[in-house]
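>>> sequence plus the predicted model coming up.
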Amino acid sequence: MLGGVQNIARITELRQRILFTFAMLAVYRIGAFIVTPGIDPEVVRSFFERMSGTVFGLFSLFSGGALEQLSIFSLGIMPYISASIIFQLLTVVIPKLEELKKEGAAGQKKINQYTRYATIGLAMFQGFLISVALESDQFGEGAVMTPGLSFKLMCMITLTSGTAFIMWLGEQITERGIGNGISMIIFASIIISIPSALAQLFRLIRTDQFSILQTLFIGFLAIGLIFFVVLVERGQRRIPIQHARRVVGRKVMQGGMSYFPLRVNTAGVIPAIFASSLLMFPLTIGQFTDSPAIQTFIDTYLNPASPLYQLIYAGFIVFFCYFYTAIMINPLDVADNIKQSGAYIPGIRPGKRTAEHIDWILTRITLVGGLYMSAVCVLPTILSVRFGVPFYLGGTAILIVVGVGLDTIGQIEAHLVSRQYEGFVRGTRIRGRLGR
């Protein structure tokens, strides 16, 4: 690994890309501390301290704490993520979008343009709702210095501009930096909370509120969890595909064997985000209601520490794994593409039987992926509630951090290997990532 790090400095382009990525992330973190004009950040911060454990906590995670002090980047990249998910779902429903998706790079470019427009619309809507909420009694008196229509417009434009700027930063990182820009911004937003959590842990150790033995146990458990996530995220089921010999013009194309890879976790982190959002909405509603019946129901059945809550959470994750995988991969389309290319799966008839075979394999590995994601997301809550771990890093955050880290290392490996340098892992040639 040290050899791979040394090789990075020898490639000028790669070194410049990494430095550019760090510079853009530094700009993003600076903007997270610029407070939206016209508000009292102390009042807003005290409100979000009371809202911990609700849907606002999830939004604050993806904004890197910018929402807690209502900075110009308070909305973070969440409007863009929401717009992207919406258009992924719409491509299944609207034939026009499905045709654009099948056009390749040109069609995807058009869909990305629609996604940007939808991002601005969602950001304006969310910014307006935040400005209205700031003037309500829920935030407390004095949250807004000069309430009125002018403040609402200024707040909406400021927050929307912040989201547009973050979206531009992400595109610049993707084009001129290393890794996927949007993912890198989310990655930076999550890991920024790790130093404060470690400082809190050391403070508890010095005051004898947390023992060294417990710290070592948590450390080994965290390393094991990360290793498990890396192992599963890189796991895939490869379906063999036999290509027949073809005659193209005067050339005879020899047949051969290739593989169609199906990832164990095809849906990525989206199911965990959906499940967290659905379960946090009742907790958020409970914070804004004075009804004793609703409060009792939430405290009894929707308490994050209760086994019922964890069971429902795991069930939602498995459901959304199947739901999102069905959107990402259509076995009928895959079977048609294999048939049109003159290939077949050994032992399986082309057409319908191929689609059924792929669907059968996809159903089984999706169940494994859903159970794996449920375990990763539920374990941090168990550690926090049952074993008294003094900080909480959700399973969603772990999945994002590990996933983005693997993708970024893969891109660096591709740069190194393409220039015949040794990568981070000895002998690694990442044939799958290079398209071989």
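It's in.
>>> helix or strand: which one has Q242?
Under DSSP states H and E, the secondary-structure element containing Q242 is strand 236-243.
>>> where along the chain do the strands fall?
236-243, 246-248, 251-253, 256-263, 343-344 (DSSP state E).
>>> quick one, domains of the protein?
1-192, 194-392 (automatic domain parsing).
>>> the strand holding Q242 pairs with which strands, and in what direction?
When pairing is defined by DSSP bridges, strand 236-243 lines up against strand 256-263 (antiparallel), strand 343-344 (antiparallel).
>>> tell me which of the strands of the chain lies nearest to G31.
strand 256-263 (34.3 Å; Cβ to Cβ). (Each C-beta comes from the backbone N, C-alpha and C, glycine too.)
>>> buried residues in the closest one?
260, 262-263 (16 or more other Cβ atoms under 10 Å).
>>> just the angle for the top helix by length along the chain relative to strand 236-243, thanks.
Looking across the chain with DSSP state H, the single longest helix is helix 352-386. Compare the direction of helix 352-386 with that of strand 236-243 by axes from the mean of the first three to the mean of the last three Cα atoms, to 10 degrees and you get 170 degrees.
>>> and helix 352-386, what does it pack onto?
If contacts are counted by 3 or more Cβ pairs under 8 Å, 6 or more residues apart in numbering; DSSP states H and E, helix 352-386 sits against helix 212-233, strand 236-243, strand 256-263, helix 270-287, helix 307-328, helix 331-340, helix 395-418.
>>> can you list the ones you listed in TSV and add distance to R176?
TSV is the format used below for the helices and strands packed on helix 352-386 (distance: least, Cβ to Cβ, whole Å):
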stretch	distance to R176
helix 212-233	27
strand 236-243	30
strand 256-263	28
helix 270-287	27
helix 307-328	28
helix 331-340	33
helix 395-418	13
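>>> of those, which is nearest I30?
It's helix 395-418; of these, that one is closest to I30 (Cβ to Cβ) at 21.0 Å.
>>> how far does that closest one sit from the chain's center?
Put simply, helix 395-418 sits 13 Å off its chain's centre (Cα atoms, centre = their mean, to the nearest Å).
>>> got the contact list for stretch 93-102?
Taking contacts as Cβ atoms under 8 Å, 6 or more residues apart in numbering, the residues outside stretch 93-102 that touch it are 87, 90-92, 107-108, 110-111.
>>> and the helices and strands packed on helix 352-386, which one averages the lowest pLDDT?
Mean pLDDT is lowest for helix 270-287 out of the helices and strands packed on helix 352-386, coming in at a mean of 74.
>>> please name the bridge partners of Y344.
Residues in beta-bridge contact with Y344 (DSSP bridges): Q242.
>>> how many residues are close by L231?
L231: 11 surrounding residues under other Cβ atoms under 10 Å.
>>> L216 too?
L216: 10 neighbours (other Cβ under 10 Å).
>>> for it, give its distance to V35.
40 Å (Cβ to Cβ, to the nearest Å).
>>> and the residue nearest to V232 when sequence neighbours are not counted, how far from M124?
Excluding the flanking residues, the one nearest V232 by Cβ to Cβ, 6 or more residues apart in numbering is Y372, at 5.1 Å. According to Cβ to Cβ, Y372 and M124 sit 38 Å apart.
>>> who's more crowded, the two?
Y372 (21 against 17).
>>> give the contact list for the more buried one.
Taking Cβ under 8 Å, 6+ apart as the contact definition, Y372 lies against 232, 264-265.
>>> so what's the gap between stretch 267-275 and the chain middle?
So, by Cα atoms, centre = their mean, the centroid of stretch 267-275 is 8 Å from its chain's centroid.
>>> so which residues make contact with that stretch?
With Cβ under 8 Å, 6+ apart as the test, stretch 267-275 has contacts from 58, 81, 85, 313, 316-321, 323-325, 328, 366, 369-370, 373, 377, 395-396, 399-400, 403.
>>> from the chain's centroid, how far away is stretch 351-363?
28 Å.
>>> er, stretch 82-89 I mean
Using Cα atoms, centre = their mean, the mean C-alpha position of stretch 82-89 is found 13 Å from that of the whole chain.
>>> list the buried residues of it.
Across stretch 82-89, burial judged by 16+ other Cβ under 10 Å covers 82-85, 87-88.
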